[in-house]
Every structure is written in C-alpha cells, then in structure tokens.
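> Have a look at this prediction, sequence included:
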Amino acid sequence: MKLTMLRKLIGGSFALLLLTGIAFAGFTIHASGLPDSITPGYRQGLGCWEMLVRASDPRGFFGDSPTNLAQRAQFIDEYRAPLDSTHTKNFRILIPDEWKNDPYPVLVAASHSVVYSISPWAIWVFGDHFTFEAAVPDATSKNGFRVVIHRDIPIIKEKWHIFKLTEHVSKTNNGYFELTVDGVNLCGPKDYYGPTVHPDDTGPPYTEYGPYVFGHWPAGVTHRRIFMILG
C-alpha cells in the first residue's frame, strides 16, 4: 500500500500500564490490546519497552473513523513544541528476528497535526527497511500534501537503531527537518526549508511512538512486535 494513502488515514508505576489512555511519564498510552500491549522489557543489553499489536486486538479506538479501524500500541507525547521553536526527539528502535517482511508498511513513529490528517514526518517499517518521509501542506495536491524528503534505511534485525530527529516547527518559510540514524546524517535544512505545519492548524503537532497497523495482516502474520527506548 502506498504511504501517501496511509498518511490520510492516520488522521510511574507498572500498574499504570494496565489502563488505556492514561498519562505515563509525560505520555498517554494508546493501545487497544492492553494490558500486555506495552510492557517493560530487556533486549540486547538494554532496558526498553516491548510494544505488541496482534491481529486479534480490538479496532476502532482513540478517535478512529469507521473506515480507519487501526490497531496500535503507542505512546503519545504530551509535549507540544511551540510554533517557531526547534525541538529534538531521540529514540531507539529494535526490530526482532521474528518480524516477517511484507508489502504492508507499519508506522512506528510520527508527528501528527492537531486538526489536519497530515504527518509532518513519519517513520515506517516497510519490508526490510525503515522509510522516513517528511510531508508539507500542498493545496494543489489531491492528497492535500506533498512529500519533500524520502529516505530508506536498511534494517538490521536485533540491532538497536538510534534515531535523532530535529524539527523546526513553523507555519512560515523557516521550518525544516533533520534526521540522523546510527550517527549518519540523512537530511537537514539543505533538503527542505519551509512550512512544517498547516497554516490553518490550531497548534503544533504531537509525536507518537510505537506500532500502528492499518488492518492489513498477511497470511501467517499474527502479530507485530517492536522494542523501543524513548529519550
């Protein structure tokens, strides 16, 4: 499935993890399969979050429309970077050996606009690689946006991939995205310099972390599990 189509659809104690939609260490949990959708874990020598989505999980939670019955196990960052500010997100993602490659992308991290169903940036697991895309509003496009940066990053399973993403949040022409993965800079202001937020949006975007599955389950795939470290 094309990422442009999927973009339109996205529109501290352990006991806290047993509830849905509550705040946890500055995040809100969106996970339709709790209590075991998001649990503390340990992988490749590091403490982390194990994030699990199953084909049998309930659908249609957290404001989903009837046509967008996604399943997810996500942290939603409660922090909103003010307009005309620069902020950096640091996180790690590990894809386990059990992950089966297929043609359906799974969202694993993204920012999301407050009003319009546009992700200023998004990271997907797409086959054997991560795909990073940055998109900006474009009234001339049938999708309402255009992709200004596209990068593919090979996945090494059971390896902690280290992401550092900086965004200057702006409705004017001085916004940008900068991404470094495993110490390698992949894009920056030289690749795009302009608005990152829709001019009619009511506030800055928020960030979501964790698998978001759009209801596509290939034969033999019963779950999607990833491991993440935030911060």
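Yep, that arrived. Numbers count the residues shown, from 1 in each chain.

> what's the burial count for residue 172?
12 (other C-beta atoms under 10 Å). To be clear about C-beta, it is placed using only N, CA and C from the backbone, and glycine gets the same treatment.

> and residue 121, how many neighbours?
23.

> ugh, wrong one, I meant residue 112
Count around residue 112 with other C-beta under 10 Å applied: 18.

> Now do the contacts for it.
Counting by C-beta atoms under 8 Å, 6 or more residues apart in numbering, residue 112 touches 10, 119, 205-208.

> Let me see the contact set for the residue nearest to residue 207 when sequence neighbours are not counted.
Computed as C-beta to C-beta, 6 or more residues apart in numbering, the closest residue to residue 207 that is not its neighbour in sequence is residue 77, at 4.2 Å. With contact taken as C-beta under 8 Å, 6+ apart, residue 77 is in contact with 26-27, 206-209.

> Out of these, which is nearest to residue 101?
residue 209 (21.6 Å; C-beta to C-beta).

> and the helix or strand encompassing the closest one, average pLDDT?
Assigned by DSSP states H and E, residue 209 falls within strand 206-213. Strand 206-213 shows a mean pLDDT of 93.

> before we move on, back to that, can you redo the contacts of residue 112 as JSON lines with distance to residue 140?
As requested, the contacts of residue 112 are exported to JSON lines (distance: C-beta to C-beta, whole Å):
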{"residue": "10", "distance to residue 140": "21"}
{"residue": "119", "distance to residue 140": "19"}
{"residue": "205", "distance to residue 140": "22"}
{"residue": "206", "distance to residue 140": "27"}
{"residue": "207", "distance to residue 140": "28"}
{"residue": "208", "distance to residue 140": "28"}
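
> Please, where are all the helices along this structure?
3-9 (DSSP state H).

> Now do the spatially most central residue of it against residue 88, distance only.
Closest to where the C-alpha atoms of the chain average out (C-alpha atoms, centre = their mean) is residue 109, at 1.7 Å. According to C-beta to C-beta, to the nearest Å, residue 109 stands 13 Å off from residue 88.

> in the protein, which ranges drop under the pLDDT threshold?
Low-confidence segments of the chain, defined by pLDDT under 70: 1-24, 60-69, 115-118.

> Can you report how many residues neighbour residue 149?
When neighbours are counted by other C-beta under 10 Å, residue 149 comes out with 19.

> Now do the same contact list for it.
Residue 149 makes contacts with 132-134, 177, 179, 187, 191-192, as judged by C-beta under 8 Å, 6+ apart.
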